[in-house]
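# take this sequence and fold it.
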Amino acid sequence: MSLRIVVTVKYVPDATGDRHFAEDLTVDRDDVDGLLSELDEYAVEQALQIADEADDAEITVLTVGPEDAKDALRKALSMGADKAIHVEDDDLHGTDAIGTSLVLAKAIEKAGYDLVVSGMASTDGTMGIVPALLAERLGVPQVTLLSEVSVEDGVVKGRRDGDSASEQLEASLPAVVSVTDQSGEARYPSFKGIMAAKKKPVESWDLSDLGLEADEVGLEGSWTKVDSATERPARTAGTIVKDEGEGGKQLAAFLAERKFV
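Residues are numbered from 1 along each chain as shown. Predicted coordinates:
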């Protein structure tokens, strides 16, 4: 029986762009280029490695987002995933992590799965809580923040590296895992992979396909919201200490005044 792997990915604003909030205090995604979250590339890579070791495996990449989020799916498909699912609905605008986990869980159940692989966090929200929420909603074990992961005989195994020790963990399938940026460099899509990705199936679902109502997601259904936001102050010119014999004292006085020493 084929091992069904679902990889959750996110389309995020480019961190090198001019990121800011829109009037409703959600992230303005129209004025900055987007891309597949770098941390999710590690999840795709680990799914591909697991599939390579399996006798028979199929990888589905899943995202929730606007029309442009298909670009993230195409990147994952060009890396080697088999097919993709895009959940898109205008009522999803402003959905928080709780609502996102609900939508993902419904989509994963509809798609069918044995293993869900996620990145450790997204590079925009950086919350890292969605994999745990997914496991809770799906009612399956979670093995998170793995630096190494493998699947054998219906069991997922992995290594979690902490500050003072490394843990060896395992769970019976079905399960949810998340991987860190230490799990292995993600492969770069080849020209052949990019061309092949154009022919791979991408299904589009909306809330009605998942049996969800608008008030369960979006800004109105969010458990959390941004009350206010202030732009970071512009950087000011630094202080230059000219060493004319008293430079050391001036530097020490400068640091002491700001309580750095």
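# gap between the two ends of stretch 131-145?
10 Å (C-alpha to C-alpha, to the nearest Å).
# flag every buried residue along that stretch.
Under the neighbour-count criterion of 16 or more other C-beta atoms under 10 Å, stretch 131-145 has 131-135, 137-138, 140-145 buried. Heads up, the C-betas are built off the backbone N, CA and C, glycines and all.
# and those, which is closest to Glu67?
Comparing the buried residues of stretch 131-145 against Glu67 with C-beta to C-beta places Leu134 closest, at 24.0 Å.
# wait, a strand at that closest one?
No: Leu134 is assigned helix when assessed by DSSP: H, G, I helix; E, B strand; the rest coil, not a strand.
# in contact with it, which residues?
Thr8, Ser101, Leu104, Ala105, Ile108, Val116, Ser118, Gln142, Val176 (C-beta atoms under 8 Å, 6 or more residues apart in numbering).
# now do 7 Å
Ser101, Leu104, Ala105, Val116, Val176 (C-beta atoms under 7 Å, 6 or more residues apart in numbering).
# now do the strands in the stretch 101-250 of the chain.
115-119, 142-146, 148-152, 155-161, 166-172, 175-179, 202-205 (DSSP state E, counting those that start in this stretch).
# could you check the pLDDT of the residue nearest to Gly125 when sequence neighbours are not counted?
Leaving aside its sequence neighbours, Gly125 sits nearest to Ala97 (C-beta to C-beta, 6 or more residues apart in numbering; 7.0 Å). With respect to pLDDT, Ala97 scores 92.
# give me the distance between Ala97 and Ala22.
19 Å (C-beta to C-beta, to the nearest Å).
# doesn't Asp96 make contact with Thr224?
Yes: the pair Thr224 and Asp96 qualifies as a contact (C-beta atoms under 7 Å) at a distance of 4.8 Å.
# I figured Tyr42 hits Ser183, correct?
Yes: under the criterion of C-beta under 7 Å, Tyr42 makes contact with Ser183 at 5.2 Å.
# which residues do the two both contact?
What both Tyr42 and Ser183 touch, as defined by C-beta under 7 Å, 6+ apart, is an empty set.
# could you check how many residues crowd around Asp161?
For Asp161, the count of nearby residues is 14 (other C-beta atoms under 10 Å).
# next: Ser228.
6.
# for it, what are phi and psi?
For Ser228, the backbone dihedrals (degrees, to the nearest 10) come out as phi -160, psi 160.
# so how far is Ala237 from Ala253?
From Ala253 over to Ala237 the distance is 19 Å, taken as C-beta to C-beta.
# out of those two, which sits in the busier spot?
Remark: of Ala253 and Ala237, Ala253 carries more neighbours, 13 against 5, as counted by other C-beta under 10 Å.
# quick check: which element contains the more buried one?
Using DSSP states H and E, Ala253 sits within helix 247-257.
# send the alpha carbons of that helix over as PDB?
Extracted as PDB, the C-alpha positions of helix 247-257 are listed here (Å, rounded to 0.1, in the frame of the first residue of the first chain):
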ATOM      1  CA  GLY A 247      39.300  57.000  23.000                       C
ATOM      2  CA  GLY A 248      39.200  54.200  25.500                       C
ATOM      3  CA  LYS A 249      37.700  56.300  28.200                       C
ATOM      4  CA  GLN A 250      35.100  57.800  25.800                       C
ATOM      5  CA  LEU A 251      34.100  54.400  24.700                       C
ATOM      6  CA  ALA A 252      33.800  53.100  28.300                       C
ATOM      7  CA  ALA A 253      31.700  56.200  29.200                       C
ATOM      8  CA  PHE A 254      29.400  55.700  26.200                       C
ATOM      9  CA  LEU A 255      28.800  52.000  27.100                       C
ATOM     10  CA  ALA A 256      28.300  52.800  30.800                       C
ATOM     11  CA  GLU A 257      25.800  55.600  30.000                       C
END
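# please name every helix or strand in contact with it.
Secondary-structure packing of helix 247-257 (3 or more C-beta pairs under 7 Å, 6 or more residues apart in numbering; DSSP states H and E): no helix or strand packs against it.
# in that helix, what's buried?
Within helix 247-257, no residue is scored as buried using 16+ other C-beta under 10 Å.
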